[in-house]
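A.B. asks: Just need the structure, nothing else, for what follows:
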Amino acid sequence: MNQKLQQGQTVELEITDLNTSGEGVGRHEGRVVFVPNTVTGDRISTKIIQSKAKFARGIVQQLLNSSTHRIRPQCIVADKCGGCQWQHIDMDYQREAKRQQVIQAFQRIGDFPDIQVQPILHTAQDLNYRNKSTYPLARSATGQVQAGYYRYSSHKLVNLNQCPVQDERLHPLLKEVKQDIQQRGWSIYNETNHQGKLRHLSLRIGRNTGEILLTLVTTDPKLAGIEEQAHLWLDKYPGLVGVCLNINSDRTNAILGKITRTVAGKSYLREIFAGVELQIAADTFFQVNTSAAELLLQSIIEQLNLTGDETIIDAYCGIGTFSLPLARKVSQVIGIELNSASIQQAKNNAQINQIENATFYTGKVKHCLEQIKLQPDILLLDPPRKGCDPQVIAQILNLQPSRVAYISCQPATLARDIKLLCQSKIYQSVHIQPADFFPQTTHVECCVILNRR
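C.D. replies: Residues are numbered from 1 along each chain as shown. Below you'll find the predicted structure:
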């Protein structure tokens, strides 16, 4: 039995792999050690900060030999900020590591030993791609208002005036809105004692329209002078179309509360996605990488070989992001979504675009699939990270659409669900397409196309 590594001990490690959390993986006398801010090929001196029976965690004390995959981060706080995990890794290796994440999930969890996974889809933009950023607010020791991301594995804020993965058109707002909050004297929320008002600053932009929404998340809608300040912001920033307040008074890690009110301007921004005009509200779910999502949708359309006669059910359809562009290429689309506000937006978006062959239902997917009583040619799935409810899988096997397109941001639950669909012998996997929606981070989006045998 190897001796347990001691907390505070310093050891030399060769980093041989990356885990799904983005940490480098090394071994010391057979024991696995996870170290952030490293990459395969690094040789490091690491200080052990946590030691368990089966693994340990460390931090880099000294970089002894740099990996050929290591590059200089674009951000000056990349080694401190927890927003990105991989700015120190070259893009080709980032993408191959993500592809390997998908392969390993399908091999280990899906039980597909000889899985074929396509090269990862990606746009030319590795930075400035995020169309939405939500920053926690805090005060420094000297009382200055701060906004940024938390340090890796902590609740200590790294103050930012700009963020290289955020759309650069949002940078002036990030820097200057903090100063305006400071001058207004609005209190900042303290999560320890549940005192103070402002919790988060959220900025969202239409990548293809330039329209911006600014949202303050607050425990209390009564902010002295907010209407005046909102109009000053609208006058100052040409792209800004609306200022909103989201009310979240709960003791919770959830960012947004259930109520959002518009203080000035519009409650939504306009975006053009895959040729369709969408209205996107402050609390709407929308993919943060517009261009990469368009690229994945185009790939799905190509793989489905649409004739124009198909009926598609889009489960977990949101505001119709994929439903509406697809409706223009098929006979009929039916969207299902639990969030009633999203369904209302989907209906509005259909009306704006004069799309009349898309119908939307509010409810749980497992209930709506029973009620619709229709066998679709294609079923599109884009569930939350936890994947599909077992009852939904059972209903798919009962419905037996000709093709299933399953989109996921979590390879582990994707592989689990695809295994369930394929072991029935009703479906076989024909195309696995990862896409890089989140450069500089460990996250990977993936779509699997299944054909009925």
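A.B. asks: And for the closest residue in space to residue 111 that isn't next to it in sequence, the neighbour number?
C.D. replies: In this structure, residue 111 finds its nearest non-sequential neighbour in residue 419, 5.7 Å apart by C-beta to C-beta, 6 or more residues apart in numbering. In short, each C-beta sits where N, CA and C put it, glycine included. Residues contacting residue 419 under the criterion other C-beta atoms under 10 Å number 16.
A.B. asks: next one: residue 448
C.D. replies: For residue 448, using other C-beta under 10 Å, the count is 27.
A.B. asks: Got phi/psi on the residue nearest to residue 111?
C.D. replies: Here is the backbone geometry of residue 419 (degrees, to the nearest 10): phi -60, psi -50.
A.B. asks: need the contact list for it.
C.D. replies: When contacts are counted by C-beta atoms under 8 Å, 6 or more residues apart in numbering, residue 419 touches 109, 110, 111, 112.
A.B. asks: Which of those sits closest to residue 272?
C.D. replies: residue 110 (36.3 Å; C-beta to C-beta).
A.B. asks: Spatially, what comes nearest to the closest one if we skip its sequence neighbours?
C.D. replies: Per C-beta to C-beta, 6+ apart, closest to residue 110 is residue 415, 3.5 Å.
A.B. asks: if I read this right, the one you found contacts residue 103, doesn't it?
C.D. replies: No: Residue 415 lies out of contact with residue 103 (C-beta atoms under 8 Å); the separation is 9.7 Å.
A.B. asks: Neighbour count for those two, which is higher?
C.D. replies: residue 415 (27 against 18).
A.B. asks: Just give me the neighbour total for the spatially closest residue to residue 155 that is not a sequence neighbour.
C.D. replies: Nearest non-adjacent residue to residue 155, counting by C-beta to C-beta, 6+ apart: residue 191, 7.4 Å away. Residue 191 has 14 neighbouring residues, counting by other C-beta under 10 Å.
A.B. asks: And for residue 228?
C.D. replies: Neighbours of residue 228 (other C-beta under 10 Å): 12.
A.B. asks: Roughly how far does it sit from residue 180?
C.D. replies: Separation of residue 228 from residue 180 (C-beta to C-beta, to the nearest Å): 11 Å.
A.B. asks: So residue 262: helix, strand or coil?
C.D. replies: strand (DSSP: H, G, I helix; E, B strand; the rest coil).
A.B. asks: Hmm, it is touching residue 241, no?
C.D. replies: No: contact between residue 262 and residue 241 fails when scored by C-beta under 8 Å: they sit 10.4 Å apart.
A.B. asks: between those two, which one's more packed in?
C.D. replies: Counted by other C-beta under 10 Å, residue 262 and residue 241 do not tie: residue 241 has more neighbours, with 21 against 17.
A.B. asks: Need the pLDDT of that one.
C.D. replies: For residue 241, the model assigns a pLDDT of 98.
A.B. asks: And it, how close does it get to residue 270?
C.D. replies: For residue 241, the distance to residue 270 - C-beta to C-beta - is 8 Å.
A.B. asks: Please apply the same query to residue 286.
C.D. replies: For residue 286 relative to residue 270 (C-beta to C-beta), the value is 12 Å.
A.B. asks: and these two? which has more neighbours close in?
C.D. replies: Higher neighbour count among residue 286 and residue 270: residue 286, with 21 against 16, using other C-beta under 10 Å.
A.B. asks: Might you report the residue contacts of that one?
C.D. replies: For residue 286, the contact set (C-beta under 8 Å, 6+ apart) comprises 131, 132, 271, 278, 280, 318, 319, 321.
A.B. asks: which residues touch residue 88?
C.D. replies: Going by C-beta under 8 Å, 6+ apart, the list of residues near residue 88 reads 37, 39, 70, 71, 72, 73, 78, 79.
A.B. asks: For the stretch 101-250 of the chain, which segments count as strands?
C.D. replies: In the stretch 101-250 of the chain, the segments counted as strands under DSSP state E, counting those that start in this stretch are 132-139, 145-150, 157-159, 198-205, 212-218, 240-247.
A.B. asks: how about the ones you listed, which one is nearest residue 166?
C.D. replies: Here strand 132-139 is closest among these (C-beta to C-beta), at 4.6 Å.
A.B. asks: distance between the closest one and the chain's centre?
C.D. replies: Here the centre of mass of C-alpha atoms in strand 132-139, compared against the chain's by C-alpha atoms, centre = their mean, to the nearest Å, lies 16 Å away.
A.B. asks: now stretch 414-426
C.D. replies: The answer for stretch 414-426 is 24 Å, by C-alpha atoms, centre = their mean.
A.B. asks: What are the buried residues along it?
C.D. replies: Within stretch 414-426, the residues that qualify as buried are 414, 415, 416, 417, 418, 419, 420, 421, 422, counting by 16 or more other C-beta atoms under 10 Å.
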